[in-house]
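# Quick one, fold the following:
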Amino acid sequence: MLVLTRKKSETILIGDSIVIKVISCGNGKTKIGIDAPVTTRVLRGEILNSVQRITSIAPQAAPTLAAH
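Numbers count the residues shown, from 1 in each chain. Sure thing, here's the model as predicted:
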């Protein structure tokens, strides 16, 4: 993992087409902006975790639902 320190308005470049910019910092939060091609999926980690959890539960629940 690469760990960087950035100030407001500074950027991080990923490859040739993804830019991450620090928008604001304060109150224990950092707001960032992500500029990426529309073909690149950008998800918050907690959303990805929820989707993975639901996907892993769904196949197990299907036989139960079909039986009712």
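
# use CA for all of it now, contacts and neighbours both
OK.

# And the pLDDT at residue 43?
Residue 43 is assigned a predicted lDDT (pLDDT) of 88.

# from here on, count from 17
From this message on, residue numbering opens at 17, which makes the last subject residue 59.

# so is it in a helix, a strand, or just coil?
Using DSSP: H, G, I helix; E, B strand; the rest coil as the criterion, the local structure at residue 59 reads coil.

# The top strand by length along the chain - contacts with which helices or strands?
Counting by DSSP state E, the longest strand found in the chain is strand 34-42. Strand 34-42 sits against strand 27-30, strand 45-51, with contacts defined as 3 or more Cα pairs under 8 Å, 6 or more residues apart in numbering; DSSP states H and E.

# Looking at the ones you listed, spot the one closest to residue 64.
Closest to residue 64 of the helices and strands packed on strand 34-42 is strand 45-51 (Cα to Cα; 16.8 Å).

# Between strand 34-42 and that closest one, find me the angle.
If you take axes from the mean of the first three to the mean of the last three Cα atoms, to 10 degrees, strand 45-51 sits at 160 degrees to strand 34-42.

# roughly how far out does strand 45-51 sit from the chain middle?
Chain-centre distance of strand 45-51: 11 Å, with Cα atoms, centre = their mean, to the nearest Å.

# mind putting the helices and strands packed on strand 34-42 in JSON lines, mean neighbour count and mean pLDDT included?
JSON lines is the format used below for the helices and strands packed on strand 34-42 (neighbours: other Cα atoms under 10 Å; pLDDT from 0 to 100):
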{"stretch": "strand 27-30", "mean neighbour count": "13", "mean pLDDT": "97"}
{"stretch": "strand 45-51", "mean neighbour count": "12", "mean pLDDT": "96"}
